[in-house]
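J.: All I have is the shape, not the residue letters:
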């Protein structure tokens, strides 16, 4: 069993500082929300937010040993601007998670703009983190994996809120589970000793994922009518689901692979 490279203490301390800062911001936001809506709704918002922030931190912590260059395997002692921005995206998604359990009728109309604001900021951050990593010349395997994990996580939390607020049809949640079903399928094949073939490079794959993030960010804004956004969501989810099916045919060796390249 391969041994993971040792994680620098400086890197672990930085993640701890970010964890405490994020938890503190969630606590302050809960206090403000309590003043506006009352302690009951604030608590309902805060608990899922803290849980989701913990999930984000756990996903980062278990990959800290991947804070290395994919080119020369050079390790970095700090997370860098790109990974910090990715974690900020995770905090924004965590802040949005509490709204899954809050009925739209239980809060003022103005607060309905908060989920849209949080997820729009998180989606824009997806454009920023990679740019900052390249600019700082600190592209890491950690950043690549964490970015994918948080993209998928955001497409669970945000559509749940959109369904709760009648902005997306419940069938759109197929998009939310598609990534996790795909990952489960890969592990199932590996567990049973079946070959897993590499996915061919595809710009379309990234485009379709970005399209879903853009769609969900747009439909969450209150002025848009739910009838239109639900129809749009169903129409745009179909290409993504077809893409997942095509990718599964690739990794399972049923489509366009060289048999000798299985992992």
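T.: Everything's here; your move. These numbers come from a predicted model, not from an experiment.
J.: Name the residues of whichever helix in the chain runs longest that are buried.
T.: In the chain, with assignment by DSSP state H, the single longest helix is helix 9-37. Using 16 or more other Cβ atoms under 10 Å as the test for burial, helix 9-37 gives 11, 14-15, 18-19, 22-23, 26, 29-30, 33-34, 37. The C-beta positions use only the backbone N, C-alpha and C, and glycine is treated the same way.
J.: ranges for the helices of the stretch 101-250 of the chain?
T.: Along the stretch 101-250 of the chain, counting by DSSP state H, counting those that start in this stretch, helices occupy 113-136, 141-164, 173-191, 203-219, 226-251.
J.: what residue lies at the spatial centre of this protein?
T.: residue 150 (2.1 Å; Cα atoms, centre = their mean).
J.: re the thing from before, rebuild the helices of the stretch 101-250 of the chain as a markdown table, extending it with mean pLDDT and distance to residue 90.
T.: As requested, the helices of the stretch 101-250 of the chain are exported to a markdown table (pLDDT from 0 to 100; distance: least, Cβ to Cβ, whole Å):
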| stretch | mean pLDDT | distance to residue 90 |
| --- | --- | --- |
| helix 113-136 | 93 | 8 |
| helix 141-164 | 95 | 5 |
| helix 173-191 | 95 | 16 |
| helix 203-219 | 90 | 14 |
| helix 226-251 | 93 | 22 |
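J.: Let me have the ones you listed in a markdown table, extended by distance to residue 91.
T.: Output for the helices of the stretch 101-250 of the chain, formatted as a markdown table (distance: least, Cβ to Cβ, whole Å):
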| stretch | distance to residue 91 |
| --- | --- |
| helix 113-136 | 9 |
| helix 141-164 | 10 |
| helix 173-191 | 20 |
| helix 203-219 | 17 |
| helix 226-251 | 26 |
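J.: can you tell me which of these comes nearest to residue 105?
T.: helix 141-164 (11.1 Å; Cβ to Cβ).
J.: other SSEs contacting the closest one?
T.: helix 39-61, helix 80-97, helix 113-136, helix 173-191, helix 203-219 (3 or more Cβ pairs under 8 Å, 6 or more residues apart in numbering; DSSP states H and E).
J.: winner for burial among the helices of the stretch 101-250 of the chain?
T.: Of those, the one with the most neighbours on average (mean count of other Cβ atoms under 10 Å) is helix 141-164, at a mean of 22.
J.: tilt between it and helix 226-251?
T.: Orientation check (axes from the mean of the first three to the mean of the last three Cα atoms, to 10 degrees): helix 141-164 against helix 226-251 gives 140 degrees.
J.: can you state the direction angle for helix 141-164 and helix 173-191?
T.: 140 degrees.
J.: ok, back up a step: wait, which of the helices of the stretch 101-250 of the chain is closest to residue 94?
T.: Once these are compared by Cβ to Cβ, helix 141-164 is nearest, at 8.2 Å.
J.: quick one on the thing from earlier: export the buried residues of helix 9-37 as CSV, with columns for pLDDT and distance to residue 65.
T.: Listed next are the buried residues of helix 9-37 as CSV, based on pLDDT from 0 to 100; distance: Cβ to Cβ, whole Å:
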residue, pLDDT, distance to residue 65
11, 93, 9
14, 96, 14
15, 96, 12
18, 97, 17
19, 97, 18
22, 97, 22
23, 97, 24
26, 97, 27
29, 96, 32
30, 96, 33
33, 94, 37
34, 95, 39
37, 92, 42
